[in-house]
Structure formats: structure tokens, C-alpha cells
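Colleague: What follows is a predicted protein model with its sequence.
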Protein chains: 2
Amino acid sequence: MNIGRAAKISGVSPKMIRYYEQTGLIPKAARQDSGYRDYDDADVHRLRFIRRARDLGFTVEQIGELLGLWSDRSRASADVKAFALEHIARLKEKMAEIEAMVRTLETLANHCHGDDRPDCPIIEGLAEEGGATPRLQPREPRRFGRSGGQSARRHAAGSSNRTH
Amino acid sequence: MNIGRAAKISGVSPKMIRYYEQTGLIPKAARQDSGYRDYDDADVHRLRFIRRARDLGFTVEQIGELLGLWSDRSRASADVKAFALEHIARLKEKMAEIEAMVRTLETLANHCHGDDRPDCPIIEGLAEEGGATPRLQPREPRRFGRSGGQSARRHAAGSSNRTH
DNA sequence: CTGGGGCTTCCAACGATGGGAAGGTCAAGG
DNA sequence: CCTTGACCTTCCCATCGTTGGAAGCCCCAG
């Protein structure tokens, strides 16, 4: 079957299927005479596995390991469990980080009148001189932002040149 | 003062300071005779503001808006509060997503013996035929993973075998 | 035979950050 | 005065997962 069909029934987009192939997560697909990639049920099965793993927050690299565990009939269930628990622990760390942000923000917001006067503890909390806003892990890349579509916006905020 | 010093006392790396300038988040820095960027206390103050906002999970784009709110003496505290509450809501969505993953994974893990036998409900949960693993937002980019280094990656040299 | 939809590859972008190269500047020490 | 080394400059590249688009080939229905 063609990539489009495989994509539809696996829930992985054609783009991503090619990407996974390119990065070696999945083996190179068979080709039809036309040069089109050719997928069978086993391929689709694997793709669905991948999509579910992504939905559970595993990185592509981790999914590579999961695929190895999946096809390794000799491995112990303890191995898989350890892997999963590791991941759970990481997810909980992320949650804790976000929760800390939420707590800080809610504290600030609770102190903000939210009326038409300009004084605002939220902004003051960000601007304040002291070494405020407790940061959990000082310098760690953050990435979990973003939810809706992106579209518009071509490198934002351009004209906010305030001498302040 | 030089960028390195401004970086040290603001907590924003020189790389990021230049990046923020380049994208227009902050105005172009003054230059010394040498061509070095020159920062004063107000600049550092703004950088600290930015770092705190980042620590609270705001995107750079949002920080642009926050900077605008900061320097706008006529805006109502309600505006800031609304902005913050919006952000809090998004953070909570993220938390809920991750929590759902954790719940699913923990359910699977709880059913896994974790012994030396190969049968494993975790892997089976990923591989299972049915339309399992409830996904919250079907096709939404996810990004908060990341743990260790990358490297590895096989990828057998591109011998594009085309019969064509 | 033509049209349109699917497929191919390649290239770029997103966001935030770090790494590194090639070269200019500056202050301290010989 | 000159060297050394720390700092600065600009550029380009990589990350991670995903999407978008362009240019061109393939296939089927009309």
C-alpha cells in the first residue's frame, strides 16, 4: 500500500513516516515498481506503535529503544518496566517544574488587584531588584510551550524599543 | 559594561543576549569604541526581567508583550493579570497532558510483573491492535521530552536503489 | 490525452539554546 | 614593545519533531 494509506490508518503523517525512515527509526520501506514506498500490515503496526509511544511522551530516540524491546523476545518484562518507570519519573519532573511556575504565577496573580490601576505585583515580581523568582534548575533548556497553531508572526515583537 | 559582565549579573548568556537583540526583543545595544556592546544597569535590569519571565515559562514572544506592559505606565493591572491567568491556564493544560500520559503509563506499569519473563503489558499496550492509548489532542506537536545526548543514530549511507 | 491527486526528493522554517570558527581588542606581565 | 590569554565580534551549524512548499514523476479516471 502507498504511504498515504499507511499514514491514514496508522495516524502517522507521510512526512513523519519518511522522517522516521530517514533517521533510521524504521527500516527503509520496500518500493513499488513506480518508486513509491510500499507498506504492509506489519509496517503499519509498527507505525501505530510509534504513534502511541509518541502520544505517551517518548522521544524518537526512546522509541527506538522501545522498538528494540518490542522485537526482543528474550528480554525480561522488568527491562521494559524499568524503562517505563524512568520515563514516568522524567514526566513527573516536568510536571513539578510546571507546577512550580504555576504556583509562583498564582501567588503573584492573587496579589494583583486586577483593576484599572497600573500597580501590578506580577510585573513587579518580574522586575524586582532582589534575586527573586525561585528558579528550580538554574540553567536548563525549557521546552514544552506552544499549544495551538502557529501561522502568522514572522519573528515577533519587533518595535518594542523602549528606552525604559 | 561588556556583554559578559551583563550576562553574569543578569543570568542571561551572551549568546541569548545577542539573540534577543537580533530578534528585536531588546533594542540594539550601544557600542563602545571597540565595537563591543555596552550595557548599563537599566539594560541589565531588563535582562533580568526577561530571565525571570523565561523561568516562569513565558515564550520570548510573550515576553515581548510583558516588556510592553512593563513599560506602559497607563495600562491597567487587570491587563497584566489577564495575561498571567491566560498563561497559567496554558501551563495547566500542559500539566494535564503530561498527567494523562503518566496515568496511562502507570496503569500499564502496574500490570507489568517486572520479572524476568518476557510478557509485558506495557509493550503490549503500545502494540495492541485496538485504537488504544487515548490521545488528548490528536495531532499536536509535542515538545518537552529530551534527556540525554543524542549521537547513536544508524542511518545506512544513502544508496538510493532505484529501478525506476 | 489531460487533469488532478498522490508520490518522490530537497530545502526551509519554527523556538530557544549551545558550539565553534575566524578574527578584532584589551589588559597584564615579561 | 610584544606576547599571551581572556574577551569580544559576526557567521554558520546543530538540536528536536513537525510542517510547509517547490519541482518533478506516476497513475487512474474521464
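Modeller: Now that the structure is in, tell me what you want to look at.

Colleague: was I right about A:Y20 contacting A:I26?
Modeller: Yes - A:Y20 lies in contact with A:I26 (C-beta atoms under 8 Å); the separation is 4.9 Å. Just so you know, the C-beta spots here come from the backbone N, C-alpha and C atoms, and that holds for glycine as well.

Colleague: Give the residues shared as contacts by these two.
Modeller: A:47, A:50 (C-beta atoms under 8 Å, 6 or more residues apart in numbering or on different chains).

Colleague: Show me what the lengthiest helix in chain A packs onto, helices and strands only.
Modeller: Of all segments of type helix in chain A, defined using DSSP state H, the longest is helix A:77-110. If you count contacts as 3 or more C-beta pairs under 8 Å, 6 or more residues apart in numbering or on different chains; DSSP states H and E, helix A:77-110 packs onto helix A:60-71, helix A:121-127, helix B:77-110, helix B:121-127.

Colleague: Using the centroid of chain A, identify the residue furthest from it.
Modeller: A:R117 (38.9 Å; C-alpha atoms, centre = their mean).

Colleague: check contacts around that residue.
Modeller: Counting by C-beta under 8 Å, 6+ apart, the residues that A:R117 touches are B:76-77.

Colleague: how about the nearest residue to the closest residue to DNA strand C within chain A, chain neighbours excluded?
Modeller: At 2.4 Å from DNA strand C, A:G4 is the closest residue in chain A, using C-beta to the nearest atom of the strand. Among residues not flanking A:G4 along the chain, A:P14 sits closest, at 5.9 Å (C-beta to C-beta, 6 or more residues apart in numbering or on different chains).

Colleague: Show the contacting residues for that neighbour.
Modeller: Going by C-beta under 8 Å, 6+ apart, A:P14 touches A:3-4, A:7.

Colleague: Get me the contact residues on chain A for DNA strand D.
Modeller: Counting by C-beta under 7 Å from any atom of the strand, chain A comes close to DNA strand D at A:13, A:15-16, A:19, A:32-36, A:54, A:59-61.

Colleague: Counting neighbours, which of these end up buried?
Modeller: Among the residues of chain A next to DNA strand D, the ones that count as buried by 16 or more other C-beta atoms under 10 Å in any protein chain shown are A:16, A:54, A:59-61.

Colleague: Would you format those as JSON lines with pLDDT included?
Modeller: Below are those laid out as JSON lines (pLDDT from 0 to 100):
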{"residue": "A:M16", "pLDDT": "96"}
{"residue": "A:R54", "pLDDT": "95"}
{"residue": "A:T59", "pLDDT": "95"}
{"residue": "A:V60", "pLDDT": "95"}
{"residue": "A:E61", "pLDDT": "94"}
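
Colleague: near chain B, which of those residues show up?
Modeller: Contacts with chain B within these, counted by C-beta under 8 Å from any C-beta of the partner chain: A:54, A:59, A:61.

Colleague: Could you list the low-pLDDT ranges of chain A?
Modeller: Along chain A, the model assigns pLDDT under 70 to residues A:130-164.

Colleague: can you list the domains in it?
Modeller: A:3-71, A:77-127 (automatic domain parsing).

Colleague: With distance to B:L108 added, can I get those domains in JSON lines?
Modeller: Formatted as JSON lines, those follow (distance: least, C-beta to C-beta, whole Å):
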{"stretch": "domain A:3-71", "distance to B:L108": "9"}
{"stretch": "domain A:77-127", "distance to B:L108": "7"}
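
Colleague: Give the other helices and strands that the helix or strand containing A:R52 contacts.
Modeller: Assessed by DSSP states H and E, A:R52 sits inside helix A:41-55. When contacts are defined as 3+ C-beta pairs under 8 Å, 6+ apart, helix A:41-55 sits against helix A:3-10, helix A:14-23, helix A:60-71, helix B:121-127.

Colleague: for the closest residue to A:G114 other than its chain neighbours, what are its contacts?
Modeller: Of all residues not flanking A:G114 in the chain, B:K81 sits nearest, at 4.0 Å (C-beta to C-beta, 6+ apart). By C-beta under 8 Å, 6+ apart, the contact list for B:K81 reads A:109, A:112-114, A:120, A:122.

Colleague: ok, back up a step: highest average neighbour count across the helices and strands packed on helix A:41-55?
Modeller: helix B:121-127 (a mean of 22; mean count of other C-beta atoms under 10 Å in any protein chain shown).

Colleague: How about that one and chain A, touching?
Modeller: Yes - with C-beta under 8 Å from any C-beta as the criterion, chain A is reached by helix B:121-127 at B:122-123, B:125-127.
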